[in-house]
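A.B. asks: from the sequence below, what's the structure:
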Amino acid sequence: MSGSKAKWVYLAILSLIWGSSFILIKKSLVGLTDYQVGSLRIVLTSLFLFSIGFRSIREIKRKHWKWVAISGFVSSFFPPFLFATAQTQIGSGISSILNSIVPLNTIIFGALLFGIGVTIRQVWGVIIGLIGTIMLILGGLMAEKGGLDAAFSGNTNFWYSGLIIMATIGYALNVNIIKKYLSSISALAVTTGNFLFIFLPGLAVLYWTGFFQTIMESQEMQRSAMYVVLLSLVGTAVAKVLFNKMVQIASPVFASSVTYTMPIVAVGWGILDGERFGFIQIVAAAIILIGVYLSNKKKS
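C.D. replies: Here you go, the predicted structure:
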């Protein structure tokens with residue numbers, strides 16, 4: 001399969017996997033704390049990747065290790081904890097909207113720090129996709145809460161939004177790092193190398209949460225841990241390899257556009273779970289796809 005076709009396949013698969021992660025996280029949090037879910041996810045993903053990809057790290061040369069380490073921390077270690085802390089103070093709707101600025105940050109930091117050029121059409125694609133994502137989430141909030149004002153009512157501490165913005169910057173930096181410095185290395189090697197650096201810090205956090213002292217005493221924790229296993233193996237390990245491969249064969253902006261298509265899948269799960277889906281959300285989904293298409297255009 002050619003790269004131009006393969007990247008769309010990767011986008012569809014990643015949208016399905018990461019869009020489905022929300023329901024797995026929801027199930028995991030029934031018996032585990034947010035930091036236990038995040039750190040356990042890092043530890044389990046690391047062990048899985050070490051078992052299948054440890055030999056591949058021989059592809060990583062000395063000049064690459066610095067970038068592999070930075071990539072691992074900014075994309076796979078800090079974001080889970082930044083999101084967890086932020087969402088103790090702000091709603092999931094606001095968090096999802098803020099997460100959609102990853103492509104915008106990819107363009108900004110790609111141009112400022114990595115010398116990666118973008119076209120006017122790509123910029124418009126990102127903006128259109130962001131508008132569609134905001135419409136999609138707001139449509140769901142209004143349908144659930146009964147209006148725009150009600151959707152945003154509550155004790156929301158917007159200062160914590162900065163933590164999510166920090167996480168999106170980390171994702172954007174990762175996309176550009178892989179594209180500029182790590183494209184010659186296999187996606188499996190990059191991903192395994194990432195977790196080689198964050199495994200021990202993740203294990204330390206998991207120990208600090210008291211997970212090992214209580215897991216055998218609580219059936220609820222054990223059930224939740226099984227959801228984290230699925231989340232780790234598919235939602236993190238497999239998805240990370242696929243995403244890194246997509247970054248290598250597509251533009252950074254196209255790769256980061258997965259943050260636009262994920263909500264479509266998440267809404268689908270919501271429908272299956274009995275949530276309402278209105279006309280505005282259908283329009284928003286179409287706008288998102290238009291934005292992704294435009295962001296993939298290379299010529300202005």
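A.B. asks: by mean pLDDT, flag the weakest helix or strand of the chain.
C.D. replies: The weakest-scoring helix or strand in the chain, judged by mean pLDDT, DSSP states H and E, is helix 148-151 (a mean of 50).
A.B. asks: how about Thr232, nearest residue that isn't a chain neighbour?
C.D. replies: Rather than Thr, residue 232 is Ser. Once flanking residues are discounted, Ser232 sits nearest to Leu44: 3.7 Å by Cβ to Cβ, 6 or more residues apart in numbering. Every C-beta, even on glycine, is put in place using the N, C-alpha and C of the backbone.
A.B. asks: show me the contacts for that neighbour.
C.D. replies: 228-229, 232-233 (Cβ atoms under 8 Å, 6 or more residues apart in numbering).
A.B. asks: now it: how far from Val205?
C.D. replies: To Val205, Leu44 is 13 Å away according to Cβ to Cβ, to the nearest Å.
A.B. asks: in the stretch 51-200 of the chain, which spans are helices?
C.D. replies: Applying DSSP state H, counting those that start in this stretch to the stretch 51-200 of the chain gives helices spanning 62-72, 78-86, 92-99, 102-113, 120-145, 148-151, 161-181, 187-208.
A.B. asks: residue contacts, Gly53?
C.D. replies: With Cβ under 8 Å, 6+ apart, Gly53 has these contacts: 188-189, 191-192, 241.
A.B. asks: go on, Leu294?
C.D. replies: Shown in contact with Leu294 (Cβ under 8 Å, 6+ apart): 121-122, 124-125, 128-129.
A.B. asks: separation between the residue nearest to it when sequence neighbours are not counted and Ile290?
C.D. replies: The spatial neighbour of Leu294 that comes closest, neighbours along the chain excluded (Cβ to Cβ, 6+ apart), is Gly125 at 3.0 Å. According to Cβ to Cβ, Gly125 stands 8 Å off from Ile290.
A.B. asks: ok, now Gly235?
C.D. replies: As judged by Cβ to Cβ, Gly235 and Ile290 stand 27 Å apart.
A.B. asks: which of these two has more neighbours?
C.D. replies: Legend: neighbour count by other Cβ atoms under 10 Å for Gly235 and Ile290, higher for Gly235 (21 against 16).
A.B. asks: quick check: pLDDT value at that one.
C.D. replies: We have a pLDDT of 86 for Gly235.
A.B. asks: so where is the stretch 201-300 of the chain shaky, pLDDT-wise?
C.D. replies: The stretch 201-300 of the chain contains residues with pLDDT under 70 at 270, 273, 275-278, 281, 296-300.
A.B. asks: follow-up on the earlier one: can you get me a residue count around the residue nearest to Leu294?
C.D. replies: Neighbourhood size, Gly125 [other Cβ under 10 Å]: 26.
A.B. asks: residues touching it, list them.
C.D. replies: 253, 257, 290-297 are the contacts of Gly125 under Cβ under 8 Å, 6+ apart.
A.B. asks: do that again at 6 Å, thanks
C.D. replies: By Cβ atoms under 6 Å, 6 or more residues apart in numbering, Gly125 lies in contact with 291, 294-295.
A.B. asks: let's see which of the residues you listed end up in strands.
C.D. replies: Residues of those located in strands (DSSP state E): none.
A.B. asks: please render these as a markdown table that adds distance to Leu196 to the earlier fields.
C.D. replies: Below are these laid out as a markdown table (distance: Cβ to Cβ, whole Å):
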| residue | distance to Leu196 |
| --- | --- |
| Gly291 | 35 |
| Leu294 | 37 |
| Ser295 | 32 |
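A.B. asks: not counting sequence-adjacent ones, nearest residue to Met246?
C.D. replies: Nearest in space to Met246, with sequence neighbours left out and distances taken as Cβ to Cβ, 6+ apart, is Tyr10 at 4.0 Å.
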